[in-house]
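Chemist: Following is a predicted model, sequence given first.
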Amino acid sequence: MSLFVIDESKCKQDGLCAAVCPFALITVEAGKTFPAPVDDAVERCINCGHCMAVCPVGALTLEKMEQGTGLDPKQLPSYAQLTQLVRGRRSIRCYKKEPVDRETMARIIDLARYAPTARNSQLLGWLVIDNGEEIRRLAGLAVDWMWHLVAEKDPRAVSYGMEKLIRAWENGSDPILRGAPGLVVVHAPADYLLAQVDSAIALNTFELAAFALGVGTCWAGFFAAASRIWPPLQDALQLPPGQAIGYAMMVGYPKLKYQRLPERIAARISWR
């Protein structure tokens with residue numbers, strides 16, 4: 001099986017594909033030869049698509065990947081527009097009751113799947129829960145985990161004020177998932193060392209895409225922590241065999257509208 005196909009009628013022999021390959025899997029003598037894969041290229045290629053994406057004439061096509069659409073620089077947001085997106089995003093903790101429709105959720109995830117993963121592994125899976133009763137049940141299992149930590153006098157119970165959170169739950173509030181009508185759980189193989197990193201990058205992309213469509217999100221830190229070590233919650237999630245949670249995020253339509261862009265502390269930068 002060949003790694004890629006070269007349309008020799010288009011190829012300019014400029015060597016761009018070879019220059020951009022992160023593992024030096026392409027050989028080409030600029031202006032003299034057409035690109036060719038090295039001997040073990042098929043085994044080592046991570047199918048990142050850099051070689052295909054950099055070609056200005058579309059002469060290279062990976063066997064395992066379609067050409068895709070062309071990049072339109074005119075469609076890229078300006079820095080000012082990107083500033084509004086990044087600074088305007090808020091962690092939403094007050095939601096309307098109706099869940100986000102599945103078509104919109106699928107649209108957001110479809111964009112989030114383009115977030116980078118280590119070595120382009122693309123090992124992440126997505127679990128979307130939009131049943132309010134089920135979300136409440138899962139939040140309750142996270143509270144059970146907190147009860148366990150309090151009973152064991154675990155230092156984390158004190159540092160995170162878990163007794164107060166438990167009391168809030170008992171009084172009818174939801175300090176775990178904030179009454180969100182939706183919950184997104186990103187998961188990966190349990191033995192994958194970079195699962196949390198890849199999941200966080202994917203969910204960061206997810207939350208920006210969601211905000212662009214009027215959907216609110218919030219990182220579900222307590223829930224994710226409980227899901228990693230509390231067997232009853234792990235069983236309740238029913239992830240595919242061999243999978244473990246990477247991270248989780250609350251999702252729903254915001255009940256309130258934010259009007260300002262609050263400042264944050266200045267970046268702490270060291271230059272060398």
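Modeler: Cool, got the structure. It should be emphasised that the depicted structure is a prediction, and the values quoted were computed from it without experimental measurement. Residues are numbered from 1 along each chain as shown.
Chemist: Could you pull out the helices in the stretch 151-272 of the chain for me?
Modeler: In the stretch 151-272 of the chain, the segments counted as helices under DSSP state H, counting those that start in this stretch are 155-159, 162-170, 195-212, 221-229, 231-237.
Chemist: out of those, deepest packed?
Modeler: For the helices of the stretch 151-272 of the chain, the largest average neighbour count (mean count of other Cβ atoms under 10 Å) is found in helix 195-212, namely a mean of 21. Glycine gets a C-beta too; all of them are placed from N, C-alpha and C.
Chemist: now that one against helix 221-229, angle please.
Modeler: Counting by axes from the mean of the first three to the mean of the last three Cα atoms, to 10 degrees, helix 195-212 lies at 150 degrees to helix 221-229.
Chemist: I'd like the distance from helix 195-212 to the chain centre, please.
Modeler: Chain-centre distance of helix 195-212: 3 Å, with Cα atoms, centre = their mean, to the nearest Å.
Chemist: Contacts for it next, please.
Modeler: By Cβ atoms under 8 Å, 6 or more residues apart in numbering, the list of residues contacting helix 195-212 from outside reads 85-86, 88-89, 108-109, 111-118, 121, 123-124, 184, 186-189, 192, 216-217, 219, 244-247, 249, 251.
Chemist: domains for the protein, by residue range?
Modeler: By the assignment in automatic domain parsing, the chain contains the domains 4-62, 81-252.
Chemist: Out of those, which one sits most buried?
Modeler: Using mean count of other Cβ under 10 Å, the stretch among the domains of the chain with the greatest mean number of neighbours is domain 81-252 (a mean of 17).
Chemist: so where do the strands sit in the chain?
Modeler: Residue ranges of the strands in the chain, as given by DSSP state E, are 4-6, 26-27, 36-37, 60-62, 125-129, 182-189, 216-219, 243-252.
Chemist: Please convert these to a markdown table, extending it with mean pLDDT and distance to residue 201.
Modeler: Converted to a markdown table, these look like this (pLDDT from 0 to 100; distance: least, Cβ to Cβ, whole Å):
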| stretch | mean pLDDT | distance to residue 201 |
| --- | --- | --- |
| strand 4-6 | 94 | 27 |
| strand 26-27 | 96 | 27 |
| strand 36-37 | 96 | 29 |
| strand 60-62 | 94 | 23 |
| strand 125-129 | 98 | 14 |
| strand 182-189 | 98 | 10 |
| strand 216-219 | 98 | 13 |
| strand 243-252 | 98 | 10 |
